[in-house]
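Engineer: Pasting the sequence and the predicted coordinates here, then a few questions.
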Amino acid sequence: MPVKAGTTIDPRATRARVLASAVQLFYERGVHDVGVDEIAQHAGASKLTIYRNFGSKDGLVEAALRDRSDRIHLWLTDQLAATAPGRERVLALFDLLTVWYARDGYRGCAVVNTAVETRHQDGPVRQLPRLHLARYRDLLERLLTEADIANPAPLARRLLILIEGATTITAIDGDPTAGEDA
């Protein structure tokens, strides 16, 4: 995603480019293997621009995780809206995940991968995976409530365990059918 000659300098566009580069590179190789210099070069920005926009590499990691989590949940919510509420919508979630698992370059959940990679650190980067999973549980509880499940919280947790298990198995095995199995 290097910037082409003649590109207009727009602070918001530059920030978005840096964030997109960080999201991509962190997903491909992990947060510890990608440095600020590489992100700056990939985004066609300076290190100063990165630090001015994100404060630190941890700030950039946090922004990248938030971006990734937001996009995943928005995608799921938008796609599920096309299916009528009820049992079919719950099952449609697993169909969507199976589509995601089959995408070229799939490496698992970026948020969960980062949680594993940074498991001994404290701070926002460590809290975001908890929030990400809580959003999944909230989504599942809402879908189960729409399907007239009386006490959706325990089942939502079980379904989340199935989702995260399928996500991890697919990332390791490279076989997207774990979503169908789940």
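Structural biologist: Now that the structure is in, tell me what you want to look at.

Engineer: low-scoring stretches of the chain, by residue?
Structural biologist: Flagging of the chain using pLDDT under 70 yields the residue ranges 1-8, 120.

Engineer: mind running it again at 50?
Structural biologist: Scanning the chain with the threshold set as pLDDT under 50 gives 1, 5-6.

Engineer: can you give me the helices for it?
Structural biologist: For the chain, helices defined by DSSP state H occupy the ranges 11-29, 36-43, 47-54, 57-80, 87-101, 110-117, 124-146, 152-173, 178-181.

Engineer: Name the residues that touch the first one?
Structural biologist: Defining contact as CB atoms under 8 Å, 6 or more residues apart in numbering, one finds that helix 11-29 is touched by 1, 3, 34, 38-40, 42-45, 49-50, 53-54, 60-61, 63-64, 67-68, 105, 107, 110, 113-114. No exception for glycine: its C-beta is placed from N, CA and C like everyone else's.

Engineer: thinking again about what came up before, right, so the helices of the chain: which one is the most enclosed?
Structural biologist: helix 110-117 (a mean of 20; mean count of other CB atoms under 10 Å).

Engineer: Can you list the neighbours in contact with it?
Structural biologist: Outside helix 110-117, the residues that reach it (CB under 8 Å, 6+ apart) are 23, 26-27, 30-32, 61, 64-65, 68-69, 72, 107, 125-126, 128-129, 132, 164, 167-168, 171.

Engineer: and the residue nearest to residue 79 when sequence neighbours are not counted, how far is that from residue 111?
Structural biologist: Nearest non-adjacent residue to residue 79, counting by CB to CB, 6 or more residues apart in numbering: residue 96, 5.3 Å away. Distance of residue 96 to residue 111, given as CB to CB, to the nearest Å: 17 Å.

Engineer: Equivalent analysis for residue 86, please.
Structural biologist: From residue 86 over to residue 111 the distance is 28 Å, taken as CB to CB.

Engineer: Could you do residue 14 as well?
Structural biologist: For residue 14, the distance to residue 111 - CB to CB - is 24 Å.

Engineer: go on, residue 36?
Structural biologist: The value you get for residue 36 to residue 111, if CB to CB is used, is 21 Å.

Engineer: just residue 124 next, same as before
Structural biologist: In terms of CB to CB, residue 124 sits 12 Å off from residue 111.

Engineer: burial measure for residue 31, as a count.
Structural biologist: Neighbour count of residue 31, defined by other CB atoms under 10 Å: 22.

Engineer: isn't it right next to residue 118, touching?
Structural biologist: Yes: at 6.6 Å, residue 31 and residue 118 qualify as touching, with contact defined as CB atoms under 8 Å.
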